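Asks: dropping the sequence and predicted coords here.
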Amino acid sequence: MNISDLVETVLLMFEFWIQTHWYIAFAMSLATNLGIYIVAASSIEFLTNQITKRGSFGRFVDNRPFKKGQRTNEMKNGVLACVTFALVSLLARSLFVGIVPESISQLLMEVLVFTVFYETYSYFVHRILHTQRFRAFHSVHHYSVRTTPWGAYSVHPIEALLIGMSAPLFMSVFSVHLSVIFGFHILGVIFTMVIHSNLEFNERFILFRLLNRYIKYHSAHHSIGNVNFGFVNSFWDSCFGTKLVEPKVVNK
């Protein structure tokens, strides 16, 4: 199968998902979310373990032992999050304007606007989750002080709902194509797992230095708490004084 055949197959699956019964669409979304979650988390964990075994390539940011039952807890919550994401995705079937943008400029505009929206949305939702009223929900995620790819979506169902609703909320006020939202979702899942990988690369290449900044930035959030709420950018952290410039993570 060449690239054009693959693209055509994906487009046909999108069209089928849009038109089929809701329960079939839910099953398709759930299978997709679970597949991405399991494959991405397994792959990133495997690569992390291989890299850290060779000390010349990288090391763990935080060497503290895992909490009792942490892995099982993370996987269970991750699966529940996938169920929530699949349910919320059904809202997108009535909100999109098309499957694929008609031009490169339209694609770039949708990507830019959604990026700005999501960074703002995720920052303030994250801040709210750290308030006294919502802290109990967010504590499910912060049970994992030493982060892992499996723990990226180890969240309370309420938090999973808030994460999942970002796309439908955006789609209700801004015209966007389904493939753009789907692409953002996949990349967002993978990126979230990367920043929870607890891996610090030896900084031989610019890409490694960039990844280290994101990973250490978020590891500091799990280790310290009320700092570094941003997802891919520290703009709002800088504006509201929640940016920790030099993250210090405990290694014991």
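Replies: Yep, it's here. The shown structure was predicted, so the numbers you read here are calculated from the model rather than taken from an experiment.
Asks: what about the helices in the stretch 101-250 of the chain?
Replies: Applying DSSP state H, counting those that start in this stretch to the stretch 101-250 of the chain gives helices spanning 104-129, 135-142, 157-164, 166-171, 178-195, 206-224, 235-240.
Asks: would you turn those into a markdown table with distance to Val10?
Replies: C-betas here are computed from N, CA, C, even on glycine. A markdown table is the format used below for the helices of the stretch 101-250 of the chain (distance: least, C-beta to C-beta, whole Å):
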| stretch | distance to Val10 |
| --- | --- |
| helix 104-129 | 16 |
| helix 135-142 | 32 |
| helix 157-164 | 21 |
| helix 166-171 | 18 |
| helix 178-195 | 8 |
| helix 206-224 | 28 |
| helix 235-240 | 33 |
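Asks: list the buried residues in stretch 17-27.
Replies: Trp17, Ala25, Phe26 (16 or more other C-beta atoms under 10 Å).
Asks: just name the closest of the residues you listed to Phe208, please.
Replies: Checking the buried residues of stretch 17-27 against Phe208 with C-beta to C-beta, the nearest one is Trp17 at 37.4 Å.
Asks: ramachandran angles for that closest one?
Replies: The phi/psi pair for Trp17 (degrees, to the nearest 10) reads phi -60, psi -40.
Asks: right, and it touches Leu30 too?
Replies: No: contact criterion C-beta atoms under 8 Å: Trp17 and Leu30 do not qualify, at 11.8 Å.
Asks: Thr242 against Gly225, yeah?
Replies: No: using C-beta under 8 Å, Thr242 is not in contact with Gly225, being 10.3 Å away.
Asks: who's more crowded, these two?
Replies: Thr242 (19 against 10; other C-beta atoms under 10 Å).
Asks: OK, contacts around that one?
Replies: Residues in contact with Thr242 (C-beta atoms under 8 Å, 6 or more residues apart in numbering) are Arg127, Asn226, Val227, Asn228, Phe229, Trp236.
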